[in-house]
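# return atomic coordinates for the entry below.
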Amino acid sequence: MLTYGDVELLPDRRHVRVSDEPFKLGSRAYKLLEVLADANGALVSKDEIMSRVWPDTVVEEANLYVQICAIRKMLGPRADRLGVVPGQGYCLAPESSSQRVLSSVTALSQAATGAPPQSLCTARIFGRDGAVDELMHALSESSLVSVVGPGGVGKTTVAREVARRVESSNAGEVWFVELAKVNVPEFLSATVADVIDNVSIRSGSPLQRIVKRLRDTHAIVVLDNCEHIIEAAAQLAQTILTLAPMCRVMATSREPLRLPGEVVHRLQPLDLPRPTDTNAEVIKSSAVQLFLDRSGSMGGRFASEESSIPIAGAICRRLDGLPLAIELAATRAATLGIREFLEYLDDCLLTLNGGYRTALPQHQTLKAAFEWSYTLLSNSQQRVFRRLSIFPALFDVKAAIRIATEDEQDSTEIMGAVCALLDKSLLVSEMKNGYMRYRLLETGRVYARQKLVDNGEEGAVQQKFVEYVCGQASVSP
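This next block holds a predicted model:
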């Protein structure tokens, strides 16, 4: 029998008593409790927990959080016996050695989340000095700043560089919380609490722990990758800023949080060379610099080949200046050769891979990056997004309505979908001759066009597009 204050674990009977009363604990939570108890205070990695509690079964990490919450509830006032190292694992401290064990966990936690500034961002950054300076200024003026842009534009990279500079200047603590793997909004607070309150699992709700840790501090909490739990992220940010008014929040997302006082910084793609630029001008663009740097790190030596420079510029233009796309392309070009790769690019655009092994799943291929955004759209927004791919260049809202409208849709619904796609960074707007025009990024257009084909809509939408173009031609002077 193992005891934790008034909690007794009875392995032979496979149940738990709390204050001499039976406590109903689910089979998975009990198995997890056994795994942690068997370790006798040692840290148990998440991978080991998953393999022992869910053998031969693939489950999401959210399932682990459910069982951890059940054990916390069971431990009650003894919940501080359950220690966590964010991103690594958990430990359950025996009563007799709780202080020693939890001190060890504290050290591991600080190593996991309190990394020195220089380790926050190790890859070279190109063309982002202006954005970083603007964000540093925005954080000095506002308590809530959001970095918004399409998938693969480099929001996390920029946010990490801002965090690194803040830490380097000793302007306050910075807590960087990765949210991409938090698939259940209800676990958002627990995830943030485990990062910023990393000494132990204390009594009180996750939100209480967050507020207690942040109150009266000048800390910055970075909520990275908010778009899939945007409502929960917005509510948490507002709560933090209300109850810990000296704290600041920086969020990265594909759409704004839409909170009062929010400063939205829309991160643009890297600057691109013009087709007519000389080699000296091409090589000055940040997009080409990134391409040459990443390809060079993989063994490519295009920077020293005069004939390769304009080809690098053409590849970067084809990829809209998106850093993720450029990094993936650079890896492939270093393997295939830059000329061969350019010929192959149209066929492999969405399936480009070869990025960092530690990258998030939605950053492994361009298709995955757009798939992540696409699945967050409503059915109506998905349909409009697919159909707008028929436009090869700029279009206005009237053209969008003409092409995307179905019998069951009215113009108001289409305009709402266009605004949503713009808000979610899937459309780009440009002012031309006093009128607002829209376009899809070329990489996004390729993805949306494939979805149009997959849904069997291409023929009908193509016909509507031809009719629209002919109609416009007939009324032109």
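# could you use CA atoms for every contact and neighbour count after this?
Fine.
# what's the end-to-end length of stretch 37-50?
The stretch stretch 37-50 measures 15 Å between its terminal residues, going by Cα to Cα, to the nearest Å.
# average pLDDT across that stretch?
Per-residue pLDDT values across stretch 37-50 average out to 80.
# now that stretch, how far from the centre of its chain.
28 Å (Cα atoms, centre = their mean, to the nearest Å).
# equivalent analysis for stretch 319-339, please.
Once both centres are worked out by Cα atoms, centre = their mean, stretch 319-339 turns out to sit 21 Å from its chain's centre.
# hmm, who's touching it?
With Cα atoms under 8 Å, 6 or more residues apart in numbering as the contact definition, stretch 319-339 has outside contacts at 152-154, 269-272, 287, 290-292, 294-296, 298-300, 302, 308, 311-312, 316, 340-341, 352-355, 363, 365-366, 441-443.
# what residues sit buried inside that stretch?
319-334, 337-338 (16 or more other Cα atoms under 10 Å).
# which ones among those map onto helices?
Counting by DSSP state H, the members of the buried residues of stretch 319-339 that fall within helices are 323-334, 338.
# possible to save these as JSON lines with pLDDT and distance to Ala159?
Putting these into JSON lines (pLDDT from 0 to 100; distance: Cα to Cα, whole Å) gives the following:
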{"residue": "Pro323", "pLDDT": "94", "distance to Ala159": "14"}
{"residue": "Leu324", "pLDDT": "91", "distance to Ala159": "15"}
{"residue": "Ala325", "pLDDT": "91", "distance to Ala159": "19"}
{"residue": "Ile326", "pLDDT": "93", "distance to Ala159": "19"}
{"residue": "Glu327", "pLDDT": "91", "distance to Ala159": "18"}
{"residue": "Leu328", "pLDDT": "89", "distance to Ala159": "21"}
{"residue": "Ala329", "pLDDT": "89", "distance to Ala159": "23"}
{"residue": "Ala330", "pLDDT": "89", "distance to Ala159": "23"}
{"residue": "Thr331", "pLDDT": "86", "distance to Ala159": "24"}
{"residue": "Arg332", "pLDDT": "86", "distance to Ala159": "27"}
{"residue": "Ala333", "pLDDT": "87", "distance to Ala159": "28"}
{"residue": "Ala334", "pLDDT": "85", "distance to Ala159": "28"}
{"residue": "Ile338", "pLDDT": "89", "distance to Ala159": "31"}
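# put the alpha carbons of stretch 264-282 into PDB.
Output in PDB follows, covering the C-alpha atoms of stretch 264-282 (Å, rounded to 0.1, in the frame of the first residue of the first chain):
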ATOM      1  CA  VAL A 264      -2.700  43.300 -34.700                       C
ATOM      2  CA  HIS A 265       0.500  43.000 -36.600                       C
ATOM      3  CA  ARG A 266      -0.100  41.200 -39.900                       C
ATOM      4  CA  LEU A 267       3.200  39.500 -40.800                       C
ATOM      5  CA  GLN A 268       4.000  39.800 -44.500                       C
ATOM      6  CA  PRO A 269       5.900  37.300 -46.600                       C
ATOM      7  CA  LEU A 270       9.600  38.000 -47.200                       C
ATOM      8  CA  ASP A 271      10.400  40.600 -49.900                       C
ATOM      9  CA  LEU A 272      10.900  39.200 -53.400                       C
ATOM     10  CA  PRO A 273      13.100  40.300 -56.300                       C
ATOM     11  CA  ARG A 274      11.500  41.500 -59.600                       C
ATOM     12  CA  PRO A 275      12.000  39.400 -62.700                       C
ATOM     13  CA  THR A 276      14.000  42.200 -64.200                       C
ATOM     14  CA  ASP A 277      16.400  42.600 -61.300                       C
ATOM     15  CA  THR A 278      20.200  42.100 -61.700                       C
ATOM     16  CA  ASN A 279      21.900  39.300 -59.800                       C
ATOM     17  CA  ALA A 280      23.200  41.800 -57.300                       C
ATOM     18  CA  GLU A 281      19.600  43.100 -56.700                       C
ATOM     19  CA  VAL A 282      18.100  39.600 -56.500                       C
END
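# buried sites along it?
Residues of stretch 264-282 classed as buried: 264-273, 282 (neighbour count, 16+ other Cα under 10 Å).
# mind listing which of the residues you listed are in helices?
Val282.
# and the one helix or strand Ser51 maps to, what other elements does it pack with?
Ser51 is part of helix 46-53 when elements are defined by DSSP states H and E. Packed against helix 46-53 by the contact rule (3 or more Cα pairs under 8 Å, 6 or more residues apart in numbering; DSSP states H and E) you find helix 27-38.
# and the angle from the helix it packs on to helix 46-53?
Helix 27-38 and helix 46-53 meet at an angle of 120 degrees, taking axes from the mean of the first three to the mean of the last three Cα atoms, to 10 degrees as the criterion.
# list the buried ones in helix 27-38?
By neighbour count, and taking 16+ other Cα under 10 Å as the criterion, the buried residues in helix 27-38 are 28-37.
# a markdown table please, covering those residues and showing distance to Glu161.
Output for the buried residues of helix 27-38, formatted as a markdown table (distance: Cα to Cα, whole Å):
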| residue | distance to Glu161 |
| --- | --- |
| Arg28 | 40 |
| Ala29 | 39 |
| Tyr30 | 42 |
| Lys31 | 41 |
| Leu32 | 38 |
| Leu33 | 39 |
| Glu34 | 41 |
| Val35 | 39 |
| Leu36 | 37 |
| Ala37 | 40 |
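# report the two of the residues you listed separated the most.
Between all members of those, the longest pairwise span (Cα to Cα) is found for Arg28 and Ala37 and amounts to 14.1 Å.
# which of the buried residues of stretch 264-282 fall in strands?
When strands are assigned by DSSP state E, the members of the buried residues of stretch 264-282 inside them are 264-266.
# and Asp133, helix, strand or coil?
Of the three states, Asp133 takes helix under DSSP: H, G, I helix; E, B strand; the rest coil.
# neighbours of it, just the number please.
Neighbour count for Asp133, taken as other Cα atoms under 10 Å: 13.
# before we move on, what about Glu21?
When neighbours are counted by other Cα under 10 Å, Glu21 registers 11.
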